[in-house]
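Trainee: how would this look folded up:
(chains A and B)
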Amino acid sequence: MMPDIGREARRKKRVPVIGLILFGTLVVAALLQAFQPGWQWVSFAVGVPAITAVGVSIDSPRRHGRSSRRRGSGLSGHSRDDDGPAATGRWRVLAIVSRLMPRAAGRRWLAEAESLLPDIAPARRGAAIRSYLLSAPRLVVIMWAHQAQRRRRPGPRRPR
Amino acid sequence: MPMRLTVQVQLVLQALLRDPAKEMYGLELSEETGLQPGTAYPILLRLENEGWIDSRWEDIDPRLEKRPARRYYRLTAGGAVQASAALAAARRPKGTALRRLAEGGGTA
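Mentor: Prediction:
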């Protein structure tokens, strides 16, 4: 009988992602503490569900159906078939991480990743996805800081 | 706040400055610079926030082209001037510092 190594492998892959999200959450909370006191809850409101989602997905059974591969990621799904299960998992994480970003910015980030990755050779695609995931915590901070800056800047729509 | 010109930022700017009128998408930039696309993206975002570059989604029908639309980046007119100046300044400091050291040594 084959040993169930899938769950252990998935757990090993999720741990750094959870670490990254946790780190990102704490950095965003620290930045909010400095620049927007009273708004720290936002980072935890986003970070804790994300960590939970990634953590819970370790135990969820892996689905191989076409519909499950497409679900929720916003990714078109084409050219991922030859990526193997590891890369497919990373695609999913990419979609989850995009939800930590402000909505429009997260969508753009994911759409841009989606537009590039099919053009990359399958052998190099995993590294490219990893690079997106590694830069994600910093991006989350940059995007939320930019968002906060834009909100704080008095604009023409602001009521007197 | 002035733009921090790391080596990666310089690589991206150099790639864009090779033909300032040309639009490039993430993968082209990534291949030109040797950076991973995920590394280049935050740089492009920062440059765009600073107004040095602008970007647009490619206007195609993904179903007809059988690929997703790409996001193209190009230096703005002001951005090209600023990028050239910043790259020149980034190359200068070592020489300036040495010259200052030499001048200081000469007068002492």
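Trainee: for the rest of this, base every contact and every neighbour count on C-alpha atoms.
Mentor: Will do.
Trainee: enumerate every residue touching the residue of chain A found nearest chain B.
Mentor: Proximity of chain A to chain B (Cα to the nearest Cα) peaks at A:Tyr132, 3.8 Å away. For A:Tyr132, the contacting residues are A:94, A:113, B:37-39, by Cα atoms under 8 Å, 6 or more residues apart in numbering or on different chains.
Trainee: find the residue at the geometric middle of chain A.
Mentor: Nearest residue to the geometric centre of chain A (Cα atoms, centre = their mean): A:Val97, 1.0 Å.
Trainee: surely that residue is in contact with A:Leu134?
Mentor: No: shown here, A:Val97 and A:Leu134 do not form a contact pair, counting by Cα atoms under 8 Å, at 10.6 Å.
Trainee: the residue nearest to the centre of chain A and A:Gly24, how far apart?
Mentor: Using Cα to Cα, to the nearest Å, A:Val97 is found at 11 Å from A:Gly24.
Trainee: okay if I get the contacts of A:Tyr132 as JSON lines plus neighbour count and secondary structure?
Mentor: Listed next are these as JSON lines, based on neighbours: other Cα atoms under 10 Å in any protein chain shown; DSSP: H, G, I helix; E, B strand; the rest coil:
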{"residue": "A:Leu94", "neighbour count": "22", "secondary structure": "helix"}
{"residue": "A:Ala113", "neighbour count": "25", "secondary structure": "helix"}
{"residue": "B:Pro37", "neighbour count": "26", "secondary structure": "helix"}
{"residue": "B:Gly38", "neighbour count": "23", "secondary structure": "helix"}
{"residue": "B:Thr39", "neighbour count": "19", "secondary structure": "helix"}
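Trainee: quick one: least confident of those residues?
Mentor: Among the contacts of A:Tyr132, A:Leu94 has the lowest pLDDT, at 89.
Trainee: burial measure for the nearest residue to that one once chain neighbours are set aside, as a count.
Mentor: Nearest in space to A:Leu94, with sequence neighbours left out and distances taken as Cα to Cα, 6 or more residues apart in numbering or on different chains, is A:Leu133 at 6.6 Å. By other Cα atoms under 10 Å in any protein chain shown, 23 other residues sit near A:Leu133.
Trainee: same question for A:Val17.
Mentor: Other residues close to A:Val17 by other Cα under 10 Å number 20.
Trainee: and if you look at A:Arg153?
Mentor: For A:Arg153, using other Cα under 10 Å, the count is 9.
Trainee: and chain A, which of its residues are near chain B?
Mentor: A:112, A:114-116, A:119, A:127-135, A:139 (Cα under 8 Å from any Cα of the partner chain).
Trainee: quick one: contacts for the residue in chain B that chain A sits nearest to?
Mentor: Nearest residue of chain B to chain A (Cα to the nearest Cα) works out as B:Gly38 at 3.8 Å. Neighbouring residues of B:Gly38 by Cα under 8 Å, 6+ apart: A:128-135.
Trainee: looking at neighbours, which among those is most surrounded?
Mentor: A:Tyr132 (25 neighbours).
Trainee: separation between it and A:Arg125?
Mentor: A:Tyr132 is 11 Å from A:Arg125, by Cα to Cα.
Trainee: and B:Arg63, by the same measure?
Mentor: Applying Cα to Cα to B:Arg63 and A:Arg125 gives a distance of 22 Å.
Trainee: of those two, who's got more company?
Mentor: A:Arg125 (18 against 9).
Trainee: what about that one, distance to B:Ser30?
Mentor: 13 Å.
Trainee: list the contacts for the closest residue to B:Tyr73 other than its chain neighbours?
Mentor: Distances taken as Cα to Cα, 6+ apart place B:Ser55 nearest to B:Tyr73, at 4.4 Å, with adjacent residues excluded. Contact analysis of B:Ser55 by Cα under 8 Å, 6+ apart lists B:48, B:71-74.
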